[in-house]
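S.K.: need a 3D model of the following:
(one chain, ligands or ions: 2)
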Amino acid sequence: MNALYSIFIVTLVVLTGIIIFLIMQNLILKEQLEKQEKILFSAQNLSRKMYELGDKKEFFKETWKILKYITNADEFTYFRFDGVNMLVPEYVEGVYKNEILKMRLKLGEGFSGKIALERSPSILNNANKSSISIHVPGTPDEDSALLGLPVIFGNELYGVILLTKLGGAQFTNGELKIAEVFVNISSAFIAGLVHTSTIRKGLIDTLKALVTAVELKDTYTAGHSVRVSKIAETLAKNMGLPFREVLRCRIGGLLHDIGKIGIKEEILKNGEPLTPELQEEVRKHPELGYHLLKKTKILEDVAETILYHHEWYNGKGYPRGLKDGEIPISARIVHIGDAIDAMTSGRLHSPRKTVDEALEELKKFSGIQFDPKVVEVAITSKEEIGRALLEKTEDVVIEDNNLLPGSLKGSEQFK
Ligand SMILES: [Fe+2]
Ligand SMILES: [Fe+2]
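M.R.: Ligands and ions are numbered 1, 2, ... in the order given. Model prediction:
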C-alpha cells in the first residue's frame with residue numbers, strides 16, 4: 001500500500017512538473033510569438049510609413065525605435081559612406097550622441113569600418129577589451145557591446161548601422177538575425193532615397209537655370225523666384241505645415257513663373273500697360289508652367305502649386321477662379337510670397353514699398369486676394385521676411401539631402 005502510495009505521489013509530482021513545464025513553455029512561446037508579431041507589424045508599418053515620413057531623420061528615428069525593441073540596445077548610429085573612403089555619422093541616438101557625431105572613420109578603421117570593408121553583419125561583445133573597436137573620445141571607458149550591420153543595396157555600400165549596449169549587456173545571434181532583416185528593408189529605402197535625391201537635385205538645378213533665363217526676359221528684378229521661394233518656405237514653416245508642404249512651397253516658389261519661358265520677351269518687357277490681349281498672353285504662364293512640371297514626373301507634385309499661384313482667395317483670380325480651401329495651401333502661400341516680393345522690389349508704374357507697407361497691403365486685401373491665415377503668419381514673420389528679401393540667387397541651394405522618395409506625395413486639406 002505504502003509502495004503504491006509512493007508511486008502515486010511520485011507520478012503526481014512528475015505530472016505536476018510536466019504540466020508546469022508545459023505551461024511555462026507555452027507562456028514563453030506566447031511571449032515570443034507576441035514579440036515576433038509585434039516585430040512583423042513594425043516592419044510592415046515601417047515600409048508603409050517610409051512614404052509618409054517627412055524626412056530622413058524621421059525614417060531613422062522609426063528604424064531606431066524598432067531596432068531598440070528587438071535588441072534592447074542603448075545607442076544607434078547611422079554612418080553614411082561617402083562613396084570613397086570615409087564613414088560619417090549622419091544620425092545618432094543615445095547619451096554620447098554629441099561625441100559620436102564628431103567621429104570620422106576610414107574604411108576598415110574600428111568596428112564600423114571593418115563592417116563596411118567586409119560588408120558583413122557582426123557582433124563584438126566586450127568591445128572595450130577588444131583591439132578592433134575605437135574608443136569614442138570624450139566618453140568613459142565602460143563595458144560595451146556592438147552590433148554592426150552594413151547598409152548594402154545592389155552591391156553598393158551606403159553606410160553602416162551600429163547598435164551599442166552599455167554596462168556589460170551583450171548582443172545575441174538571434175538579435176543580430178532579426179536586426180539584419182530590418183536593415184535589409186532600410187537598405188533598399190536608403191538606396192532609393194540617395195538616387196531619387198540625386199535625380200531630383202539635378203532636375204531642380206536645371207530648372208533653376210531656366211528660372212534665371214525667365215528672369216532675364218522679364219521686368220522682374222533678378223532673384224525674384226529665389227526670394228519668393230524663401231518667403232514661401234518661411235511662411236509654411238511658421239504655419240507648422242508638414243515637411244512635404246514646406247518643400248512644395250520652397251520648390252513651388254522657385255519655379256512659380258517658369259511658364260514665362262513660353263511667353264515672348266517683347267510682351268514681358270513691354271513698358272506700356274498691357275492691352276487685354278497681351279494680358280491674356282501673360283496669364284497663360286501658370287498653365288504653361290503646370291504642363292512643363294507635369295512632364296517631369298519627379299516634380300509633378302509641385303505642378304498644382306504653380307498652376308494656382310495667381311488664384312485669389314475670393315475666387316476672382318486666374319486661371320480657374322478657385323476660392324479659399326479649393327486652392328492648394330502651397331499656392332496660397334506662394335501667391336503671398338510673390339506679392340510681397342513684387343511690392344518690395346517695385347514694378348513698372350508702382351513705387352517700391354517697404355516690408356511694413358507691403359504687409360499693410362496684405363492686410364487690406366486679406367480675405368479678398370489673400371488667405372487671412374497666411375496673412376496673419378506673414379505679419380508675425382516680418383523680420384524673417386525682411387531677411388528673405390535680402391537673399392541672393394547664389395545663396396539659395398535647394399538642399400535635397402533630407403528628401404525622401406515620394407515625400408512630396410500626398411496632401412492634407414488645409415481649409
Ligand atoms: Fe506668376
Ligand atoms: Fe512671380
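S.K.: for the protein, which residues are neighbours of ligand 2?
M.R.: The interface of the chain toward ligand 2, taken as Cβ under 5 Å from the ion, is made up of D257, D338. C-beta coordinates here come from the backbone N, C-alpha and C atoms, glycine included.
S.K.: so where's the chain uncertain?
M.R.: In the predicted model of the chain, residues 1, 32-33, 35-55, 219-221, 271, 347-349, 392-415 satisfy pLDDT under 70.
S.K.: could you chop it up by domain?
M.R.: With domains defined by automatic domain parsing, the chain comprises 36-193, 218-395.
S.K.: tell me which element E31 falls in.
M.R.: Following DSSP states H and E, one finds E31 within helix 2-49.
S.K.: returning to that earlier point: in JSON lines, list the domains of the chain along with mean neighbour count.
M.R.: Shown next, in JSON lines, are those (neighbours: other Cβ atoms under 10 Å):
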{"stretch": "domain 36-193", "mean neighbour count": "17"}
{"stretch": "domain 218-395", "mean neighbour count": "19"}
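S.K.: distance to I7 added to those domains, as a markdown table?
M.R.: A markdown table is the format used below for those (distance: least, Cβ to Cβ, whole Å):
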| stretch | distance to I7 |
| --- | --- |
| domain 36-193 | 42 |
| domain 218-395 | 73 |
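S.K.: next secondary structure after the helix holding E31?
M.R.: With elements assigned by DSSP H and E, the helix or strand that comes after helix 2-49 is helix 56-71.
S.K.: tell me the gap between that next one and the middle of its chain.
M.R.: From the chain centre to the centre of helix 56-71 is a distance of 15 Å (Cα atoms, centre = their mean, to the nearest Å).
S.K.: following element in sequence after it, please.
M.R.: Next along the chain after helix 56-71, taking DSSP H and E as the criterion, comes strand 75-81.
S.K.: name the helices or strands packed onto that next one?
M.R.: Helices and strands touching strand 75-81, by 3 or more Cβ pairs under 8 Å, 6 or more residues apart in numbering; DSSP states H and E, are helix 56-71, strand 86-93, helix 110-118, strand 156-166.
S.K.: residue ranges for the strands of the stretch 251-400 of the chain, please.
M.R.: Counting by DSSP state E, counting those that start in this stretch, no segments of the stretch 251-400 of the chain form strands.
S.K.: tell me the spacing between I231 and ligand 2.
M.R.: Separation of I231 from ligand 2 (Cβ to the ion, to the nearest Å): 11 Å.
S.K.: let me see the contact set for the nearest residue to that residue once chain neighbours are set aside.
M.R.: Here the nearest residue to I231 in space, its sequence neighbours aside, is G337; by Cβ to Cβ, 6 or more residues apart in numbering that works out to 3.8 Å. G337 makes contacts with R227, V228, S229, K230, I231, A232, L235, C249, G253, as judged by Cβ atoms under 8 Å, 6 or more residues apart in numbering.
S.K.: do that again at 6 Å, thanks
M.R.: Residues in contact with G337 (Cβ atoms under 6 Å, 6 or more residues apart in numbering) are V228, I231, A232, G253.
S.K.: one step back: what's the closest of the helices and strands packed on strand 75-81 to S6?
M.R.: Of all the helices and strands packed on strand 75-81, helix 56-71 sits nearest to S6, with 49.3 Å by Cβ to Cβ.
S.K.: who are the packing partners of that closest one?
M.R.: On a contact count with 3 or more Cβ pairs under 6 Å, 6 or more residues apart in numbering; DSSP states H and E, helix 56-71 meets helix 173-217.
S.K.: and the angle from the helix it packs on to strand 75-81?
M.R.: 50 degrees (axes from the mean of the first three to the mean of the last three Cα atoms, to 10 degrees).
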